[in-house]
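Participant: Predicted model and sequence below, questions to follow.
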Amino acid sequence: MKKEISQEAFSIIRKMQQSELTESVIYHEIAKFAKGDHNKETLNRLAEEEKAHYQIWKNYTDIEMQPEAWKVCKYKWLARILGFTFAVKLMEMGEENAQEEYQLLANEVEESIVIRQQEEEHEKALLEILDEESLQYVGSMVLGLNDALVELTGSLAGFTFAMQNTRLIALSGLIIGISATFSMASSEFLAARSEKRDDAFKSCTYTGMAYLITVVLLVLPYLLLGNDMYLVALACMLTIVILIIAGFTYYTSVALDQPFRSRFIEMAGISISVAVLSFGVGILAKRFLGVDI
């Protein structure tokens, strides 16, 4: 027998019902292209649990709903581009922001608290056992990213004042960056082999790709802007550095449950400090060596 509830509680239940159905479909869709039988099974279990919760809330509303197509599409593409672990954890983070609504609902629907607790505990346990290959190499990507950011930011900042020509700065940055990419990838490969790991090639590939992409992005402003716009290019390069750090830190904070603020401040602080010091070195080098390019 359906219990009489207030209009406010009905609205909350309806919202929860819609969310459970949409997430059930999202899990099913991601499971279709997720690699590994274990991951497919886990995602399908999550989908079935969400569908069961949808049925519970449907008992209160008597409304048959359709999933939100735009949200399904959004998380499918996020899963394809950034990995299914990131997509599903980001989706679950959205649910955590609705705690106040669940507390309001608890006054009229007592079982909602139990359902919510069970849902959170079980889903968290299931999410923890997802095993995505790309996340195993986040350490390698962080190594490549950090090294490229620190080395290239410093080099380009130093070249900016010493050369004062965007084309020369870009040429020097590309030569140093590409050479360093091979060096970093080789070092990662040898380190993995020395540890007798079977994934040495994959590990060095992730490191090298992270390094190379960073190099291209940092040099890009110097390639696109005019020769005399070296200071503007420097400002653009530093902006890109901050955006790269923010984007990657946010990704790891969601996918690996790591703190965002402290890691972002640490990485950004190191990169910007190196850039400022290197810019100063460029000024001193040009003044004392008397080189005029």
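Facilitator: In hand now; what should we look at? Numbering: from 1, shown residues only.
Participant: Show me what the host helix or strand of Ile26 packs onto, helices and strands only.
Facilitator: Assigned by DSSP states H and E, Ile26 belongs to helix 7-33. For helix 7-33, the elements it packs on are helix 37-61, helix 69-82, helix 84-96, helix 99-106, judged by 3 or more CB pairs under 8 Å, 6 or more residues apart in numbering; DSSP states H and E. Placement of C-beta: from N, CA and C, glycine included.
Participant: Tabulate these (CSV), appending mean pLDDT and distance to Ser186.
Facilitator: CSV is the format used below for these (pLDDT from 0 to 100; distance: least, CB to CB, whole Å):
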stretch, mean pLDDT, distance to Ser186
helix 37-61, 86, 32
helix 69-82, 89, 28
helix 84-96, 78, 29
helix 99-106, 71, 49
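Participant: Now render the ones you listed as CSV, adding distance to Glu151 and mean neighbour count.
Facilitator: Formatted as CSV, the helices and strands packed on helix 7-33 follow (distance: least, CB to CB, whole Å; neighbours: other CB atoms under 10 Å):
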stretch, distance to Glu151, mean neighbour count
helix 37-61, 36, 17
helix 69-82, 26, 15
helix 84-96, 27, 18
helix 99-106, 44, 15
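Participant: now these as a markdown table including distance to Ser6?
Facilitator: As requested, those are exported to a markdown table (distance: least, CB to CB, whole Å):
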| stretch | distance to Ser6 |
| --- | --- |
| helix 37-61 | 12 |
| helix 69-82 | 27 |
| helix 84-96 | 22 |
| helix 99-106 | 10 |
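Participant: Identify whichever of those helices lies nearest to Thr153.
Facilitator: helix 69-82 (24.4 Å; CB to CB).
Participant: If I take the closest one and helix 7-33, what angle do their directions form?
Facilitator: Interaxial angle, helix 69-82 versus helix 7-33 (axes from the mean of the first three to the mean of the last three CA atoms, to 10 degrees): 40 degrees.
Participant: I'd like the distance between the closest residue to Arg80 other than its chain neighbours and Leu78.
Facilitator: Distances taken as CB to CB, 6 or more residues apart in numbering place Phe33 nearest to Arg80, at 7.0 Å, with adjacent residues excluded. Per CB to CB, to the nearest Å, Phe33 is found 12 Å from Leu78.
Participant: and this protein, what are its domains?
Facilitator: The chain breaks down by automatic domain parsing into domains covering 7-133, 137-289.
Participant: quick one, which of those is packed in tightest?
Facilitator: domain 137-289 (a mean of 18; mean count of other CB atoms under 10 Å).
Participant: Quick one: distance of that one to the chain centre.
Facilitator: 18 Å (CA atoms, centre = their mean, to the nearest Å).
Participant: Give the rounded mean pLDDT of it.
Facilitator: Mean pLDDT, domain 137-289: 81.
Participant: what's stretch 71-80 in contact with?
Facilitator: For stretch 71-80, contacts defined as CB atoms under 8 Å, 6 or more residues apart in numbering pick out Thr22, Val25, Ile26, Glu29, Ile30, Phe33, Ala34, Phe86, Ala87, Val88, Leu90, Met91.
Participant: helix/strand/coil for Asp257?
Facilitator: Each residue gets one of three states, and Asp257 gets coil by DSSP: H, G, I helix; E, B strand; the rest coil.
Participant: What residues does it make contact with?
Facilitator: Lys89.
Participant: and the closest residue to Lys51 other than its chain neighbours, what is it in contact with?
Facilitator: Using CB to CB, 6+ apart and skipping residues adjacent in sequence, the residue nearest Lys51 is Ser24, 4.3 Å away. Ser24 is in contact with Ala47, Glu48, Glu50, Lys51, Tyr54, Pro67, counting by CB under 8 Å, 6+ apart.
Participant: Any figure for the gap between the last one and Glu23?
Facilitator: In other words, Pro67. Counting by CB to CB, the gap from Pro67 to Glu23 is 9 Å.
Participant: Format the contacts of Ser24 as CSV; extra columns: distance to Ile175.
Facilitator: Listed next are the contacts of Ser24 as CSV, based on distance: CB to CB, whole Å:
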residue, distance to Ile175
Ala47, 51
Glu48, 55
Glu50, 52
Lys51, 56
Tyr54, 58
Pro67, 52
